[in-house]
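Undergrad: need a structure here:
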Amino acid sequence: MYEFTVLAYSREITPSQLVLMEELIEACHKLFEARLPLWDHMYLLKVISYGELQRAYKKEKLMAIVSDVGGNGGGITGAGPENKLSSVNRGAATVIDNLVPSYIGEIAHDVASDQNYVAKRVDGDMDADTLTNADWVRTTRG
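TA: Residues are numbered from 1 along each chain as shown. The predicted model follows:
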C-alpha cells in the first residue's frame, strides 16, 4: 500500500528562513488583497522565487481588474485593449455627448464633471458590431 505525504515547505530551508518566507507571503496577500495558495506553496517549496510569486499575484490582480472593468477578461499579455486599462485613454469636455468608445473597457475622462467613464455594452446586445456614445458608464477606476 502506498502512503502519500504533503510537503509544507522545502527541506533545505531553516526555521528562520521559513518564518521570513511566510512573512513575505503575507506581504503579498496584503499588497495585492488576494490569496493564491498554489503559488504560495510553490514558493515555500522553492520551485519559484519571490519575484516570480509577486509577478503571479500582479498578473492575477490585473486580470481581475480587466474582467471587472471591461468584461473581456483579456489579461496583461498581447497587443489588445486590455493593456490600456491601467489609465485614462481619452479626455473630453463631455464624454457621453462627444465621444464614441473604440472598444469595450476603454476609459475616458469627462473634464466638465471630473468623472471617469468606462465603455461597456449597456444594452446587453453583444451581437451589435459598433459601440455608441450610450455605452459609457461612470466608474471610480482610472
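Undergrad: give me every residue that touches residue 36.
TA: Taking Cβ atoms under 8 Å, 6 or more residues apart in numbering, we find residue 36 in contact with 56-57, 60. All C-beta atoms are positioned from the backbone trio N, CA, C, and that covers glycine.
Undergrad: ugh, wrong one, residue 94
TA: Residue 94 touches 110-113, counting by Cβ under 8 Å, 6+ apart.
Undergrad: now do 10 Å
TA: 110-113, 133 (Cβ atoms under 10 Å, 6 or more residues apart in numbering).
Undergrad: Please check the residues you listed and keep the buried ones.
TA: residue 110 (16 or more other Cβ atoms under 10 Å).
Undergrad: any chance of the contacts of residue 94 in a markdown table, with pLDDT, distance to residue 11 and secondary structure too?
TA: What follows is these, written out as a markdown table (pLDDT from 0 to 100; distance: Cβ to Cβ, whole Å; DSSP: H, G, I helix; E, B strand; the rest coil):
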| residue | pLDDT | distance to residue 11 | secondary structure |
| --- | --- | --- | --- |
| 110 | 80 | 58 | strand |
| 111 | 79 | 60 | coil |
| 112 | 79 | 63 | coil |
| 113 | 79 | 60 | coil |
| 133 | 76 | 61 | helix |
